[in-house]
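>>> Structure here, sequence nowhere to be found:
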């Protein structure tokens, strides 16, 4: 991000080639001896420079006519470079990542000794606070006029720091309950974050918090609930557990205290919804299986989820039923504890779970005796279902409200950007959803198959399944552009495929990769809106 931000600030024309980190092409390995990213090739002489700091300094030397990001005066420039070295050595990035990950990154890189004791969180936090105090009280205080590290002038020093601070600022509040950006203890840092966030160039290249949090969860195995538990109230959790069944009670004791406790009316609505859903749990599971499009026989163009043995009547595959049962339990947990708990263990289970939660949210009146719910309890149930479907493929994320943006507004531009990215990458996105979401299931799957076998040819994904994913991507683009998704799928099987596909796509941290932060927010909010407008 550092090089990208500098190019945008200096308004230097450039072309960008995305490199897959874990499968770098041979031409890149030959070009860059370290094989690390990023690298920059300069067209005027063909030279290649790698490592972010060296590229940033090369841009300053090669494009002196562009907006300077270091002082022009040689003496001031040397002082700035010395300050840059101090910032590199302060350890803010290393201590911040160590606190966020519980020291996991350090232990992996430093040693393979599995007997090494896990670092103490309090010690990790103390190390980060020490570095943060230096950044607040020394680095940002060198130039009192601020708000940047060199005073009123934005510079390479800010670019080098914001890359890691953006990630730390997104991760620490979620995984350790430590606010970096708006902490009253760090007013200079808050002003620095705000000043950078207001820069148009930064807005083009920055990520958004939810994307970064999802990346941390995937790459480092972080758990928002586990991190929050270290700062929770055991008494509050125990009180919540008294009304739960055994498994939920155990989870409640390690869960976190709600940041905003529900009002008496809200709690009463949640309790009513919980008790009613628990009372008719078996009927709800049965209705979801029968009415949502999950149960499909061998003749279905969407693939089968039923199995038949020795001539007996076909029944829905047991893992499919279990996936639906687990998702309804997650809705119960969301009503009781404010969180549905951990996501399903496999992508296929997540796919069926997403369908179950989406159907239950939008057609609860057709399930069991849930039509008897009061209006407030029905809203509580729908909110819990929304949590469950949103967190089918990722833990801890929250649904985002979508409001059709005013024409000509920045929000409208962001929504249009998101729609354009989806449209331009539609074929690749469909393939990605099908291959990774659990929708593509071969004939050997215990969940049933979505592959078709025609005249001995190689089996391929059902055209109906592919078409349903494409249809719902079109609905997503409609939501982004006009604020309405348009007609719903006529077949419930298509709606089921669409629910799983959108729930997966919504939480794909890297899709589409080059979407701006503002567009990503609009994209995810629109996904949530379409998921609430199905069946």
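Okay, I see it. Predicted, not measured: the structure shown is a model, and the values here were computed from it.
>>> any weak-confidence spans in the stretch 251-400 of the chain?
251-260, 299, 306-314 (pLDDT under 70).
>>> quick one: the helices in it?
Along the stretch 251-400 of the chain, the segments classed as helices by DSSP state H, counting those that start in this stretch run 264-279, 281-291, 318-337, 347-362, 375-390.
>>> and of the ones you listed, who's closest to residue 199?
Among the helices of the stretch 251-400 of the chain, helix 375-390 comes nearest to residue 199, with 31.0 Å by Cβ to Cβ. Yep, even glycine has a C-beta here, placed from its N, CA and C like the rest.
>>> Make a markdown table from the helices of the stretch 251-400 of the chain and add mean neighbour count to it.
As requested, the helices of the stretch 251-400 of the chain are exported to a markdown table (neighbours: other Cβ atoms under 10 Å):
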| stretch | mean neighbour count |
| --- | --- |
| helix 264-279 | 18 |
| helix 281-291 | 18 |
| helix 318-337 | 23 |
| helix 347-362 | 28 |
| helix 375-390 | 22 |
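>>> Can you redo those as a markdown table, where the extra columns are distance to residue 429?
Below are the helices of the stretch 251-400 of the chain laid out as a markdown table (distance: least, Cβ to Cβ, whole Å):
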| stretch | distance to residue 429 |
| --- | --- |
| helix 264-279 | 34 |
| helix 281-291 | 27 |
| helix 318-337 | 24 |
| helix 347-362 | 16 |
| helix 375-390 | 19 |
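>>> To residue 20, which of those helices lies closest?
helix 347-362 (20.4 Å).
>>> Can you check what angle separates the closest one from helix 264-279?
Per axes from the mean of the first three to the mean of the last three Cα atoms, to 10 degrees, the angle that helix 347-362 makes with helix 264-279 is 120 degrees.
>>> Does anything pack onto helix 347-362? Which helices or strands?
helix 281-291, helix 318-337, helix 375-390, helix 492-506 (3 or more Cβ pairs under 8 Å, 6 or more residues apart in numbering; DSSP states H and E).
>>> can I get those helices in a markdown table with distance to residue 298?
Output for the helices and strands packed on helix 347-362, formatted as a markdown table (distance: least, Cβ to Cβ, whole Å):
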| stretch | distance to residue 298 |
| --- | --- |
| helix 281-291 | 17 |
| helix 318-337 | 14 |
| helix 375-390 | 28 |
| helix 492-506 | 13 |
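>>> what about the stretch 51-200 of the chain, any weak spots by pLDDT?
Using pLDDT under 70, the stretch 51-200 of the chain drops low at 104-119.
>>> how about the strands in it?
Counting by DSSP state E, counting those that start in this stretch, one finds no strands in the stretch 51-200 of the chain.
>>> need the helices for it, in chain order.
Using DSSP H, counting those that start in this stretch, helices in the stretch 51-200 of the chain cover 52-62, 74-89, 92-101, 104-110, 121-134, 156-176, 187-197, 200-205.
>>> What residues sit buried inside the first one?
Within helix 52-62, the residues that qualify as buried by neighbour count (16 or more other Cβ atoms under 10 Å) are 52, 55-57, 59-60, 62.
>>> Contacts for it next, please.
By Cβ atoms under 8 Å, 6 or more residues apart in numbering, the surrounding residues in contact with helix 52-62 are 2-3, 6-7, 10, 12, 38-40, 42, 44, 49, 66, 68-70, 156, 159-160, 163.
>>> let's see it at 10 Å
Outside helix 52-62, the residues that touch it by Cβ atoms under 10 Å, 6 or more residues apart in numbering are 1-7, 9-10, 12, 14, 36-40, 42, 44-45, 47-49, 51, 66, 68-70, 77, 81, 84, 88, 155-156, 159-160, 163.
>>> and residue 40, what element?
Per DSSP states H and E: residue 40 is located in strand 39-41.
>>> ok so, going back, could you export the helices of the stretch 51-200 of the chain to a markdown table, including columns for distance to residue 276?
Listed next are those as a markdown table, based on distance: least, Cβ to Cβ, whole Å:
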| stretch | distance to residue 276 |
| --- | --- |
| helix 52-62 | 56 |
| helix 74-89 | 57 |
| helix 92-101 | 40 |
| helix 104-110 | 42 |
| helix 121-134 | 40 |
| helix 156-176 | 32 |
| helix 187-197 | 45 |
| helix 200-205 | 46 |
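>>> Buried only: go through the contacts of helix 52-62 for me.
The buried subset of those (16+ other Cβ under 10 Å) comprises 1-7, 9-10, 37-40, 49, 51, 68-70, 84, 155-156, 159-160, 163.
>>> returning to that earlier point: could you dump the buried residues of helix 52-62 into TSV and include distance to residue 514?
Output for the buried residues of helix 52-62, formatted as TSV (distance: Cβ to Cβ, whole Å):
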residue	distance to residue 514
52	18
55	19
56	21
57	25
59	20
60	25
62	25
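>>> tell me which of these is nearest to residue 192?
The nearest member of these to residue 192, counting by Cβ to Cβ, is residue 56 at 18.5 Å.
>>> Next one: that closest one from residue 287, what distance?
As for residue 56, its distance to residue 287 is 59 Å (criterion: Cβ to Cβ, to the nearest Å).
>>> ok so, going back, quick one, which of the helices of the stretch 251-400 of the chain is nearest to residue 524?
helix 375-390 (9.0 Å).
>>> Between helix 264-279 and that closest one, find me the angle.
Using the same axes, to 10 degrees: helix 375-390 against helix 264-279 is 70 degrees.
>>> what does the following helix or strand past helix 375-390 rub up against?
Going down the chain from helix 375-390, the next helix or strand is helix 410-424, by DSSP H and E. Defining contact as Cβ under 10 Å, 6+ apart, one finds that helix 410-424 is touched by 203, 402-407, 409, 429, 473-474, 476-483, 505, 511-527.
>>> Go again with 8 Å.
Against helix 410-424 from outside (Cβ under 8 Å, 6+ apart): 403, 405-406, 429, 473, 476-477, 480-481, 512, 514-516, 518-523, 526.
>>> ok, now stretch 163-176?
Outside stretch 163-176, the residues that reach it (Cβ under 8 Å, 6+ apart) are 1-2, 5, 52, 92-93, 96-97, 99-100, 121, 125, 178-181, 193, 206-209, 212-213, 216, 222-224, 227, 230, 396.
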